[in-house]
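Student: could you look at this predicted model? Sequence included:
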Amino acid sequence: DQQVKQNSPSLSVQEGRISILNCDYTNSMFDYFLWYKKYPAEGPTFLISISSIKDKNEDGRFTVFLNKSAKHLSLHIVPSQPGDSAVYFCAASAAVAGNTPLVFGKGTRLSVIA
Amino acid sequence: NAGVTQTPKFRILKIGQSMTLQCAQDMNHNYMYWYRQDPGMGLKLIYYSVGAGITDKGEVPNGYNVSRSTTEDFPLRLELAAPSQTSVYFCASSHGTPSNQPQHFGDGTRLSIL
C-alpha cells in the first residue's frame, strides 16, 4: 500500500511557464516532506523541504505548498527552464513516530520544452 | 568534495553469485542508507544505519546484508544473487534523522543478474 503517491507519471510544460507537481500521502503521522530531483545516471538531489508546521516554503524558483487537511503537497517551479527536465520524487517522514526512514513516491518525469 | 561514492557503477552477475556494493561518504554523517529503485518505481529502503555498529532493516531487506564498522563506509552484500535483485542501488547519508535532514545520494550502482 503506497503511503506517498505521485499520480502523474509525466508532465510537459513550456519553457517560462509554471510547472506544478503533485503529491498525496495517506499516513497522517508524516510531518516532514521533501522533494528530490533526479537526472539520468545520477543519484537524487535534494531540492526543497517543508515541515508540517508550515504551509509554504520557498527557495528561488521553487515553492512547496502543504495542505495537511487534504494530505497533499505540491511543488511549483516558476519559471520553468529546460534544465529542470528531470524526474521529481516526493518523500515523507514521521518524526513523532521515532526515527522512521523516508518513504518515496514513484516520481514524476518533468519535461520542459523550449 | 566527493560526498557519497558508490562502486562499482555497473555490474553483471550470474544467478547464485555474491558481491558487495561499496558505499563511502566523507561528510562525517552518522546516518547511512541503502535503497533500490526498480523501473518506474520509487526508491525502496533496504537497510539503514544510525551510526557505526548499528544497522536496521528497511522495507525490503530480504536477500541482503549490511555492516557498519566505520562512520564512513556502509557496504551492502548480496549473498545469492537472484534475478529479482536486478535494480539500481543507491546509497545515501545524512547528518541527522530523516525527519529534519535531507539525504545526500551517490550516483548509484546498476546491477543486472542473469
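Tutor: Noted; the coordinates are in hand.
Student: which residues of chain B score low on pLDDT?
Tutor: By pLDDT under 70, the low-scoring segments of chain B are B:1, B:98-99.
Student: and it, which residues reach chain A?
Tutor: Residues of chain B found near chain A (Cβ under 8 Å from any Cβ of the partner chain) are B:4, B:33, B:35, B:40-45, B:48, B:50, B:58, B:90, B:92, B:97-100, B:102-108. Glycine gets a C-beta too; all of them are placed from N, C-alpha and C.
Student: so of those, which ones are in strands?
Tutor: B:4, B:33, B:35, B:43-45, B:48, B:50, B:90, B:92, B:104-105 (DSSP state E).
Student: so, low pLDDT: which residues of chain A?
Tutor: In the predicted model, chain A carries pLDDT under 70 at residues A:96-99.
Student: for the most centrally placed residue in chain B, give the beta-bridge partners.
Tutor: With distances taken as Cα atoms, centre = their mean, the residue of chain B nearest its centroid is residue B:34 (2.8 Å). Taking DSSP bridges as the rule, residue B:34 bridges to residue B:47, residue B:91.
Student: how far away is it from residue B:76?
Tutor: For residue B:34, the distance to residue B:76 equals 5 Å [Cβ to Cβ, to the nearest Å].
Student: how about residue B:18?
Tutor: Taken as Cβ to Cβ, the span from residue B:18 to residue B:76 is 11 Å.
Student: one step back: any of the residues of chain B next to chain A buried? List them.
Tutor: Among the residues of chain B next to chain A, those classed as buried by neighbour count (16 or more other Cβ atoms under 10 Å in any protein chain shown) are B:4, B:33, B:35, B:42-45, B:48, B:58, B:90, B:92, B:97-99, B:102-108.
Student: what sits in contact with each of residue B:34 and residue B:76?
Tutor: B:21, B:23, B:46-47, B:64, B:66, B:89, B:91 (Cβ atoms under 8 Å, 6 or more residues apart in numbering or on different chains).
Student: out of those residues, who's the most crowded?
Tutor: residue B:91 (29 neighbours; other Cβ atoms under 10 Å in any protein chain shown).
Student: hmm, who's touching stretch A:47-58?
Tutor: Here stretch A:47-58 has contacts from A:30-37, A:59, A:62-68, A:73, A:75, A:88, B:100, B:102, using Cβ under 8 Å, 6+ apart.
Student: if any of those residues are buried, give me the PyMOL selection for them.
Tutor: In PyMOL, a selection of the buried entries from the contacts of stretch A:47-58 looks like this (16+ other Cβ under 10 Å):
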select buried, (chain A and resi 30+31+32+33+34+35+36+37+62+63+64+65+66+73+75+88) or (chain B and resi 102)
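Student: show me the contacts of stretch A:47-58 that map onto strands.
Tutor: Checking the contacts of stretch A:47-58 against DSSP E, those in strands are A:32-37, A:59, A:62-67, A:73, A:75, A:88.
Student: many thanks, I have nothing further to ask.
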